[in-house]
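**Student:** I would like to see how this sequence folds:
(2 chains)
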Amino acid sequence: MNTLTSRLSPIVQNLPPSGIRRFFDLANQMEGVISLGVGEPDFVTPWHIREAGIYSLEQGYTSYTSNRGLPELCEQIAVYLQRFGLTYRPQREIFVTIGGSEAIDLALRALVCPGDQVLIPEPTYVSYRPCALLAGAEVVSVPTRAEDAFRLTPELLASRITPRAKVLVLCFPNNPTGSTMNKEELAAIAEVAVRNDLFVISDEIYAELTYGRRHVSIASLPGMRERTIVIGGMSKAYAMTGWRIGYAAGPEDILDAMLKIHQYTILCAPVMAQLAALEALKHGEAEKQKMVHSYDQRRRLMVQGLRDIGLPCHEPQGAFYAFPDIRPTGLSSEAFAERLLTSERVAVVPGNVFGESGEGFVRCSYATSVTQIERALERIRRFVETLR
Amino acid sequence: MLEHRKLEILHILHENSRLSIETMANMLGESPEDVATAIDELERDNIILRYSAVINWDKVESRRVTAVIDVKVTPQREVGFDAIAERIYRFPEVKSVTLMSGTYDLQVIVEGHDIKEAARFVSEKLSTIENVNSTTTHFLLKTYKTDGVIFDERDGDKRLVISP
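**Tutor:** Sure thing, here's the model as predicted:
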């Protein structure tokens, strides 16, 4: 009997351990692994942005900033959000966070009262559920379906709504499926949200990584601005994951509540990273477009390669993940990923770690070099053929 | 095939000319036949001139020198700089010849086994060509980056093997 553990917070004790952890440990101790399991860009932050970070240190920018973050950065974020038809006042309705992750946590903590239900369409990024549970919420999974290309439909959403439903967490473009939602599809969701008086936390961290279409923010739709918190950041668009700069934008009352938590727990995001983020927003467009172009080529290569192997794969239109259907192999997600790793040394992430409805699928990141993708596909082919 | 697709093929080949036609076709969402045809056309039109490798010669040949020579010339009636440029680029030791704006006219890059050989080329061949007025020779000491490739890149993926 571990008495120390028994005295820990029951919410934390009951949090399920990350499903990725075991695979990480397994893959980490093997040599020669080609990883398609990485959830971040393979690019290093563009030099002009890194150089701005170095310069900020040379200039002695080593102090706190205001809780909201640098005013110029908030202003640039406001300017940036205008491209999605979103208008936020930089000093009242936007603030800078430690990555999008902090903003997710703050939004949930600010909105949830104990016992409120938080609706989480799955498969999705792994942090929403634990953050909601830590905020005292009851989590309601909304499974999406492969036949809808893992988009959320109003029917699926409505079927899970109860009078205690309060918050919907959206993540489109989606990690792990690469799915996006267009304006009409979001409008149908918005209608359900308005009718049921739901708040929406819209994690749009992959907004810049869309292929052949422009990202639409649900906050830009009628009736949604006052009930939506838009979360974004520099990590994916500018290959700045390690800098940890994100932001939240939304109605002043909600943002004020979130800011209260932020000021007591975080104080502010690191100033040098904020200055680098400012450089990214002001002058990073060309480099970003080059990266998006490169992901797009690799996306086609990965999807076609998986289909040629006989693994059905819906067309991912955003982020940098393909989410092939591995059910034709007869294996579960976990078994497929584990056996692929041990027999062919290719790391993918089992779909079920992103929610039960991800079972039967695996996440393959194409944020790795063309040569590595080709080698990985070759190994996956060999592996799948041994199963036949 | 559309012109911008051809341009994309050129960019892909410039980055890595050893990719298979099938891989390129998948990257572009085109058929392998169309990509092969486009490459044939690009070769036929002398847009793709050669497939070669970027090599860090410093690691294999220590006695090899490269000289960059600024050349001032008098352009000639009818042919401008072209005729004199041709007289220079015909020499096999000349690796490149470029017409420049600014304080000199032609930039000539010469490779030799040692400094003497390169110097001999300048004094005996280049300087004696009619209408070559002056030359300034610079020897390359160390190459840090060529054609977008950093030679001493301390690369390697610094990311975690698996992350959410």
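**Student:** report the contact partners of the closest residue to chain B within the stretch 101-250 of chain A.
**Tutor:** For the stretch 101-250 of chain A, the nearest residue to chain B under the criterion CB to the nearest CB is residue A:126, separated by 4.7 Å. Where you see a C-beta, it was placed from the backbone N, CA and C, and this is true even at glycine. Contact analysis of residue A:126 by CB atoms under 8 Å, 6 or more residues apart in numbering or on different chains lists A:18-20, A:353-354, B:164.
**Student:** tell me which of these fall in helices.
**Tutor:** A:19-20 (DSSP state H).
**Student:** could you measure from the nearest residue to residue A:359 once chain neighbours are set aside over to chain B?
**Tutor:** Spatial nearest neighbour of residue A:359, excluding adjacent residues (CB to CB, 6 or more residues apart in numbering or on different chains): residue A:352 at 4.4 Å. Noted for residue A:352: a distance of 13 Å to chain B, by CB to the nearest CB, to the nearest Å.
**Student:** do the same with residue A:331
**Tutor:** 19 Å.
**Student:** is that residue in contact with residue A:386, as I believe?
**Tutor:** No: counting by CB atoms under 8 Å, residue A:386 is not a contact partner of residue A:331; they are 11.4 Å apart.
**Student:** helix or strand: which one has the residue nearest to the spatial centre of chain B?
**Tutor:** By CA atoms, centre = their mean, chain B has its centre lying nearest to residue B:96, at 7.2 Å. Assigned by DSSP states H and E, residue B:96 falls within strand B:94-99.
**Student:** could you point out which element follows that strand?
**Tutor:** Following strand B:94-99 in sequence, per DSSP H and E, is strand B:106-112.
**Student:** give the burial count for the residue nearest to residue A:387 when sequence neighbours are not counted, as a bare number.
**Tutor:** Nearest residue to residue A:387, sequence neighbours excluded (CB to CB, 6+ apart): residue A:329, at 5.0 Å. By the criterion of other CB atoms under 10 Å in any protein chain shown, residue A:329 has 20 neighbours.
**Student:** what about residue B:116, distance to residue B:65?
**Tutor:** 9 Å (CB to CB, to the nearest Å).
**Student:** the two: who's more crowded?
**Tutor:** residue B:65 (17 against 10).
**Student:** contacting residues for the residue nearest to residue A:359?
**Tutor:** Contact partners of residue A:352, counting by CB under 8 Å, 6+ apart, are A:19, A:332-334, A:358-359.
**Student:** and those residues, which is closest to chain B?
**Tutor:** After measuring the contacts of residue A:352 against chain B - CB to the nearest CB - the closest member comes out as residue A:19, at 9.2 Å.
**Student:** quick check: residue A:306 touching residue A:381?
**Tutor:** No: using CB under 8 Å, residue A:306 makes no contact with residue A:381, being 9.5 Å away.
**Student:** for the record, mean pLDDT for the helix or strand hosting residue A:247?
**Tutor:** Here residue A:247 is covered by strand A:245-249, with elements defined by DSSP H and E. Strand A:245-249 shows a mean pLDDT of 98.
**Student:** hmm, who's touching that strand?
**Tutor:** Against strand A:245-249 from outside (CB under 8 Å, 6+ apart): A:69, A:74, A:77-78, A:81, A:86, A:88, A:93-103, A:106-107, A:205, A:219, A:229-235, A:255, A:258, A:269, A:273-274, A:276-277.
**Student:** restricted to helices, list those residues.
**Tutor:** Per DSSP H, the contacts of strand A:245-249 map to helices at A:74, A:77-78, A:81, A:93, A:99-103, A:106-107, A:255, A:258, A:273-274, A:276-277.
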